[in-house]
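> give me a model of this one.
(chains A and B, ligands or ions: 2)
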Number of protein chains: 2
Amino acid sequence: AGSDNDARFHMGDGTLEISMRLHALNRARLCKAFRAIISDEDGDLIILEGGKSRCRDATDHEELFRQESFFHWCFGVKEPDCMGVIEPHTGKARLFVPRLPIEYETWMGHILTREEWRTMYAVNEVLYLDEISSFIGMRTSLFFPKGVNTDSGVEHPVPVIEDVVSSRTEKEFVELFELLSELRMVKTEMELDVMRYSAAVSSAAHVEIMQKIRPGMTEYQMESLFQHYCYSKGGCRYTSYTCICASGSNGATLHYGHAAAANASTIQDGSICLFDMGTEYHCYGSDITCSFPANGRFTDDQEMIYEAVLASQRAVFEKVRPGVSWPDMHVLAERTILEKLIAGGLLVGDVDEMLEARLGAVFMPHGLGHTLGIDTHDVGGMLSGHPKRDSRPGLKSLRMTRTLRKHMVVTVEPGIYFNPALIEKARNDPILSKYLRMEEIDRFRTFGGVRLEDDIVITSDGYENLTKVPRNVADIENVMAGAAWDSTP
Amino acid sequence: AGSDNDARFHMGDGTLEISMRLHALNRARLCKAFRAIISDEDGDLIILEGGKSRCRDATDHEELFRQESFFHWCFGVKEPDCMGVIEPHTGKARLFVPRLPIEYETWMGHILTREEWRTMYAVNEVLYLDEISSFIGMRTSLFFPKGVNTDSGVEHPVPVIEDVVSSRTEKEFVELFELLSELRMVKTEMELDVMRYSAAVSSAAHVEIMQKIRPGMTEYQMESLFQHYCYSKGGCRYTSYTCICASGSNGATLHYGHAAAANASTIQDGSICLFDMGTEYHCYGSDITCSFPANGRFTDDQEMIYEAVLASQRAVFEKVRPGVSWPDMHVLAERTILEKLIAGGLLVGDVDEMLEARLGAVFMPHGLGHTLGIDTHDVGGMLSGHPKRDSRPGLKSLRMTRTLRKHMVVTVEPGIYFNPALIEKARNDPILSKYLRMEEIDRFRTFGGVRLEDDIVITSDGYENLTKVPRNVADIENVMAGAAWDSTP
Ligand SMILES: [Mn+2]
Ligand SMILES: [Mn+2]
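Ligands and ions are numbered 1, 2, ... in the order given. Now for the predicted structure:
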């Protein structure tokens, strides 16, 4: 219907308008792949459960709802407590929504009619949740995605629907989960447009921070500024993950910024900042890290480490394209870092030997990058049929073991960190210690770290960079001194 | 120990320093009351479980942790996944903390030693969680708080500890839950200092918004500005609840601002704003609503409604003190509103009759206010032994049915709303309709609403207002025109 083409999400003037055709296309891709791979029976139904509204602990504090990611991919619905049913044969999509009590109108707002729901999300039909059992009726060829997140180990559960039983197997449910994950991993043009937007908003916010930061400020003031910029200028209400605003030695803690390490240090003159922050729009995220000197001027040591990381990122950019193995890119990044640390006088020895000994993981203990999408550590990195997780230091932290495909979005985020515990361990290791020039490394004891993280789309012959921040040392110093910077996609 | 007196929480320069003695006093109050009311056996142990870290759905997205409220009251611990054991006989407090893997050091930060934990939270001893069973050993006089939140109906669960059984009864667990709730409801001086701070930060943020708002801006830009102000100026990372930034007719939706009604309207010239926003510091919250014209100048109608609500709030302020029944205050607020609406020409008839017919609930469908503390809708409003919930319109929305006690903190938040559905219903009601002058009320169809919400402490002979925002029409217009305003406590 013509009107369905007008269904849109946006957050007002100047924010991106997103057509609900994005989700219709996702569903069409799902139906096609489902029929080709899992089942082509006439009565098949794919059933998804949306995220649920929830109170914090045993309180009356209702958490701000953010849609469950698989459900969002299929339907783009912002409301909690819904379900969705897709007929892979016909492509028909039905939403099942809560039948809200009349008091909802007073407390929460207008109760949408079924037709208003239908128009807003451009689905074929909307029914009430209490009608789902009778809608399914005698049909038993029911498919639910079921699987385990390969990063967190948390299980995506199968919903319980009263009076309804499926004749399909657990194995088929897992197949559906993996199929959905694979589809989510490869983005459509419409999805990429949203991700271009999120990354541009985040980029501009990082630039804002580079221009406003001064030694003596507190780290969380930069987190606050980032969030404020993304929300007030871009309509982005949620960050993709908790902001990491690490200055000085805090930068050596990879996931700094959580409740127990709460971005609460004062930013010191002479220290380097490592700010890993990304926003999301319509649940499509970004994940960007900038590193720069708090006072706007790199010291020689800071520049040396910075250039090593930048060289590592650029080495990867030169190679990425469809068919390239992601673990190979990790090793390439590591090799570049090791070479630069040798050139900088911090390491001594043969690079191939160092790689074999996993010395790189002392300075870059995390993986080179991960898939990015509706989740920050997006799905699809380690599905069945692809290589298993490597057990060696550094490589074991990779969230993706497979080769790149066109329209995957991945982060490329090499880094060098001076983590006292890891360096101490290496120094006491009979093999690793011989490569370390401790008399030089000691100078970096409280340095922290440098990470450069860009979000890229794999294209047919290379990549497109969604991240629009200054990366050259000269550009950073100029921007921090007040020069203009254009972050538009 | 002397060093224990130095244990403090703060967020850096200019933010409030909070001594961990605040929590030691809470525990001492708990022990004393427990021995007097529940049990005075030598081997008694009170066991509390802290909040748990959690991923969003089946993802690798770790939610920003905020401590469970009962646990916070007892221990002030910001880290997830802990437990606490208190001996009511000796007052001794022990924390049980996770034994973190060595990788934590790389990803999350320094692994605290037990002594560092002990010093940071000024408890008697710190052990590891995997030691809790053996610590408890053969003891069976174990007390767990167990109960149901009277606002949300969510149950506070009893933790499962391997190899441990309690000989105490479910009834005793409920008693402990109610005892803790009662204690949490009556604040200590140290707690009040924190609440003064939260309310002052929120007040200043509201003033900032009054000065920066312009028609044409989007509602969520004001939410963003509020959060940014509270975080960057006050070190307050969490809001007490999702911001309600309602302009124009959105103001008639009491809990506007959630994911499905996301503060996304453009603020129109000539509309009135109803902004209900509060921040928390060290988990102690504030809950403040300001209403003002978007363009800085009240129209006659806006001023009439505003003055009615202000008169209602002031009528309550004149009466509040220990021993006063909260439902009586609700009726007083309602009476004032009805009188003013009669004077304003919107209603006609006898106020006592109107109260009897519950006409007030058409214009103020919510309760007058609620307890405030570590939760926004704090505990203790409806414990056993106090009056049950009233079933009549308006009164049934009261979250507290009891009389006021010294050092309770409550919100006083009368409001007048023009909710089309409620007015339509009243117009079709044979009794209510006769009081309505619809020819006048029709003018307010898209008005929205006015709410004025202050956070007050009940003192021995009245109250102390923690909220420091302009409330007079003249003050508001002056502040919106740029006049300075002092929100310090
Ligand atoms: Mn990342
Ligand atoms: Mn309130």
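> which parts of the stretch 151-300 of chain A sit against ligand 1?
Within the stretch 151-300 of chain A, the positions lying close to ligand 1 (C-beta under 5 Å from the ion) are A:Asp287. Heads up, the C-betas are built off the backbone N, CA and C, glycines and all.
> for the stretch 151-300 of chain A, which segments count as helices?
All helices of the stretch 151-300 of chain A, identified by DSSP state H, counting those that start in this stretch, fall at A:170-185, A:189-212, A:219-234, A:300-319.
> in chain A, which residue is closest to the centre?
Centroid-nearest residue in chain A, with C-alpha atoms, centre = their mean: A:Thr376, separated by 1.7 Å.
> next, the contact list for A:Asp454, please.
Neighbour list for A:Asp454: A:Ile288, A:Gln313, A:Thr411, A:Val412, A:Glu413, A:Asn465, A:Leu466, A:Thr467 [criterion: C-beta atoms under 8 Å, 6 or more residues apart in numbering or on different chains].
> from memory the residue nearest to the centre of chain A sits against A:Cys283, does it?
No: with contact defined as C-beta atoms under 8 Å, A:Thr376 does not reach A:Cys283; the gap is 10.9 Å.
> residue in the stretch 351-489 of chain A nearest to ligand 1?
A:Thr411 (4.4 Å; C-beta to the ion).
> does that residue sit in a helix, a strand or a coil?
Judged by DSSP: H, G, I helix; E, B strand; the rest coil, the three-state class of A:Thr411 is strand.
> what's the neighbour count on the closest residue to it other than its chain neighbours?
Nearest non-adjacent residue to A:Thr411, counting by C-beta to C-beta, 6 or more residues apart in numbering or on different chains: A:Gly369, 3.9 Å away. Using other C-beta atoms under 10 Å in any protein chain shown, A:Gly369 has 27 other residues around it.
> what sits against A:Gly369?
Applying C-beta under 8 Å, 6+ apart, the residues contacting A:Gly369 are A:Trp326, A:Met329, A:Met400, A:Val410, A:Thr411, A:Val412, A:Glu413, A:Glu453.
> of those residues, closest to chain B?
If you rank those by distance to chain B using C-beta to the nearest C-beta, A:Met400 comes first, at 12.2 Å.
> dump the residue contacts of the residue in chain A sticking out farthest from the centre.
Largest separation from the mean C-alpha position in chain A: A:Met138, at 40.0 Å (C-alpha atoms, centre = their mean). A:Met138 sits next to no residue when contact means C-beta under 8 Å, 6+ apart.
> pretty sure it sits in a strand.
No: going by three-state DSSP, the assignment for A:Met138 is coil, not a strand.
> A:Gln268 contacts A:Pro215, doesn't it?
Yes: A:Gln268 is in contact with A:Pro215 according to C-beta under 8 Å; the separation is 6.1 Å.
> find the residues that touch each one of the two.
A:Ala294.
> do you know how far the closest residue in space to A:Ile46 that isn't next to it in sequence is from B:Gly147?
Using C-beta to C-beta, 6+ apart and skipping residues adjacent in sequence, the residue nearest A:Ile46 is A:Ile86, 4.4 Å away. According to C-beta to C-beta, to the nearest Å, A:Ile86 and B:Gly147 sit 42 Å apart.
> coming back round to it: possible to save the helices of the stretch 151-300 of chain A as CSV with mean neighbour count?
Shown next, in CSV, are the helices of the stretch 151-300 of chain A (neighbours: other C-beta atoms under 10 Å in any protein chain shown):
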stretch, mean neighbour count
helix A:170-185, 20
helix A:189-212, 22
helix A:219-234, 23
helix A:300-319, 19
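> can you get me a residue count around whichever residue of the stretch 251-400 of chain A sits closest to ligand 1?
Per C-beta to the ion, A:Asp287 is where the stretch 251-400 of chain A lies closest to ligand 1, at 4.2 Å. A:Asp287 has 28 neighbours, counted by other C-beta under 10 Å.
> how about A:Arg451?
A:Arg451, neighbours per other C-beta under 10 Å, totals 23.
> doesn't A:Thr411 make contact with it?
No: using C-beta under 8 Å, A:Arg451 makes no contact with A:Thr411, being 10.2 Å away.
> drop anything exposed from the contacts of A:Asp454.
By neighbour count, with 16 or more other C-beta atoms under 10 Å in any protein chain shown, the contacts of A:Asp454 hold A:Ile288, A:Gln313, A:Thr411, A:Val412, A:Glu413, A:Leu466, A:Thr467 as buried.
> is the first one bridged to anything, and to what?
This points to A:Ile288. Counting by DSSP bridges, A:Ile288 forms beta bridges with A:Met277.
> what of the fourth one?
Counting by DSSP bridges, A:Val412 is bridged to A:Asp454.
> could you check the pLDDT of it?
As predicted, A:Val412 sits at a pLDDT of 98.
> now it: how far from A:Val207?
For A:Val412, the distance to A:Val207 - C-beta to C-beta - is 19 Å.
> what does the model give the closest residue to ligand 2 within chain A for pLDDT?
Using C-beta to the ion, the closest approach of chain A to ligand 2 is made by A:Asp60 at 10.8 Å. Note on A:Asp60: pLDDT of 93.
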